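[1] Sequence first, then the predicted structure, then my questions.
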Amino acid sequence: MIILPSALLLRAVLGGVLAGALCSLVGVFAVRLRMSSIGFCMSHAAFAGAALGTLLALDPLLTAIAAAIATAALLGPISDKARLPADVIAGILFPITMALAFIFLMLLPGPVVGLKALSLLWGSILTVSPLDVALLAILLALSASFTVLFWKELNAVLFDPKMAEADGINARAYINAILFLLGAVVALSLKLVGGLLVYALVMNSASTALQLSYDMKKIFLLSPLIGISAFLGGFGLSLWFDLPVGSSIVIASSLMFAFSVAFSPKRKRR
Amino acid sequence: MYYGSGREYYGEGERLELAVRLVNVSTTYEGERRPAIEDVNLSVERGELVTIIGPNGAGKTTLLETINGLLPSEGLVEVLGLDVRRHGRELRRRIGYVPQDFMVEPGTPFLAKDVVAMGRVGVVGPLRPLRKEDWDIIWAVMEALGIADLADRPVGKLSGGQQQKVMIARALAKEPELLLLDEPFSSLDARARETVCDIIEGLREERGVTALVVTHDLSAIPEGCERLVLLNGGRITADGPPEEVFASEAFLKAYGPVRRVAP
């Protein structure tokens, strides 16, 4: 078992709890709007950004965040222009971001420099700074306010975007705002759980909550709680068994999803 | 009384207030060469109940979605006195729309009452939650359609007919000035059809609501309908009182020698 200094542990736990709540909150939008490949695309865009940042001797985290947010900002308008679902555009962008990442990695001078960019794929929760925690808290407050203030519009869009449009709601604008939020969440959570695993935190908790209720209000409350539990469970596992943090969180959240499927009240015969 | 052309909407010396005015309207789907509706001219007065009939693929749904501004089109589309192209979103807040065969998956995480309440969202506008007076309207339409007891049931668990009533309730909760109903009776039993027809009649009498009802099923023409519009091949081929349309050459050409089942 690993024993950490208390300040470091507190910051890591706080950062993880915030990231768990944040990813799970926006995860409900992503799962309901079937944006599965979008999160995947954004996390790889962030990796390409980190590789580019390392190549240009810039902060890889900043360039990763910029790349994820740029992808999120571009997805909506490109899908509007091409009149294709954002999920399809994300599926096309995903290999492009991977290709760019490998090109940037190949251009790096030595293997050690490349490792700096690669670390964003796996994450490192113990390097979380007070600024990271503050940014996560701000983004969580923004996401929660957005959800509460535009609850009825978002609810209608999540039910059926075309019907929402038929009711005079600007469904496209709400979907683009969700995409942008998703990009920011993925980018800010990268440092904690890594580009490959952040996606699981976004999808697993929301999918678990969706197994437990038919009421969207309850789902939006349950999902962040599940995300926080998945983080705490995974973090505990990683400390206890000396396992990678990101992988442990994914295992914990996947187990929670498996239990929710097995014991879902939605699947019981009444 | 004039039926048919968007250009001549004056009747017996005075201008009639129109709910819908289409002049030379054509709608072509992306990637298609042939328009789904072509050169359509149609004027509908406020408070009128018009049933649009036609065989499968005649362009009935396209016509409704063109009026609703959900599809880009050529020609003039004027609804409630406003150009749909410029005021589409604003108009859709005043139009109650029921889409064809709208069914959701059984696991869909929305309760029936929340889906009906969505009809009020555009009317109320952002940053203002639904208030008691909104919920009074929502409950009233659910009661009228006999689905108040289903309010807390997940919408995906309801039968096809019950889901159709939820979608009709959603359109009515908006307190619309114009109703566009696309095959609204397809999953309803005879009693439920009668209830919906009574509600439409009541809305016409009390608030002058205009209703355009699309059906391919000639036995589902609402009682009280005084005007039929026949679409065939994307064009209006007959327009007038039901008996005239049924007796027309255009009707025979569209449906063949069929016997109409009385509603």
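    Nice, thanks for sending it over.

[2] List the contacts of residue A:97.
    Going by CB atoms under 8 Å, 6 or more residues apart in numbering or on different chains, residue A:97 touches A:41, A:44-45, A:47-48, A:67, A:71. Heads up, the C-betas are built off the backbone N, CA and C, glycines and all.

[3] Now, those that are in helices?
    Mapping the contacts of residue A:97 onto helices (DSSP state H) picks out A:41, A:44-45, A:47-48, A:67, A:71.

[4] By neighbours, which of the contacts of residue A:97 wins?
    The residue in the contacts of residue A:97 with the most neighbours, by other CB atoms under 10 Å in any protein chain shown, is residue A:45 (32 neighbours).

[5] For residue B:199, which three-state class applies?
    Following DSSP: H, G, I helix; E, B strand; the rest coil, the label given to residue B:199 is helix.

[6] Distance of the residue nearest to it when sequence neighbours are not counted relative to residue A:169?
    Of all residues not flanking residue B:199 in the chain, residue B:144 sits nearest, at 5.8 Å (CB to CB, 6 or more residues apart in numbering or on different chains). Distance, residue B:144 to residue A:169, by CB to CB, to the nearest Å: 24 Å.

[7] And those two? Which one has more around it.
    Neighbours per residue, other CB under 10 Å: of residue B:144 and residue A:169, the larger number sits with residue A:169, 26 against 18.

[8] looking at it, the more buried one is touching residue B:122, isn't it?
    Yes: the criterion here is CB atoms under 8 Å, and residue A:169 meets it with residue B:122 at 5.3 Å.

[9] Need the residues touching each of the two.
    By CB under 8 Å, 6+ apart, no residue touches both residue A:169 and residue B:122.

[10] Near residue B:247, how many other residues are there?
    Applying other CB under 10 Å, we find 12 other residues in the vicinity of residue B:247.

[11] give me every residue that touches it.
    With CB under 8 Å, 6+ apart, residue B:247 has no contacts at all.

[12] From chain A, how far off is it?
    As judged by CB to the nearest CB, to the nearest Å, residue B:247 and chain A stand 36 Å apart.

[13] Quick check on that residue: phi, psi?
    When quoted as degrees, to the nearest 10, the phi and psi of residue B:247 stand at phi -90, psi 0.

[14] Give me the neighbour count for the closest residue to chain B within chain A.
    Chain A approaches chain B most closely through residue A:168 (3.4 Å), counting by CB to the nearest CB. Around residue A:168 there are 21 other residues, counting by other CB under 10 Å.

[15] By pLDDT, give me the weakest of the ones in helices among the contacts of residue A:97.
    When these are compared by pLDDT, residue A:47 scores lowest at 82.

[16] nearest residue to that residue other than its sequence neighbours?
    Excluding the flanking residues, the one nearest residue A:47 by CB to CB, 6+ apart is residue A:195, at 4.6 Å.

[17] is the residue nearest to residue B:73 when sequence neighbours are not counted in a bridge, and if so with what?
    Counting by CB to CB, 6+ apart, residue B:27 is the residue found nearest to residue B:73 once chain neighbours are left out, at 4.2 Å. On the basis of DSSP bridges, residue B:27 is bridged to residue B:37.

[18] does residue 78 count as helix, strand or coil?
    Assuming you mean chain A. Residue A:78 ends up helix, using three-state DSSP.

[19] not quite, I wanted chain B
    Strictly by three-state DSSP, residue B:78 counts as strand.

[20] Next, the contact list for it, please.
    Residue B:78 makes contacts with B:18, B:20-23, B:84, as judged by CB under 8 Å, 6+ apart.

[21] one step back: show the pLDDT at the residue nearest to residue A:47.
    Residue A:195 carries a pLDDT value of 72.

[22] Give me every residue in chain B lying close to chain A.
    Within chain B, the positions near chain A by CB under 8 Å from any CB of the partner chain are B:30, B:68, B:70, B:89-95, B:97, B:99, B:102, B:104, B:107-111, B:114-115, B:117-119, B:121-124, B:126-127, B:129-130, B:154, B:156-157, B:170, B:174.
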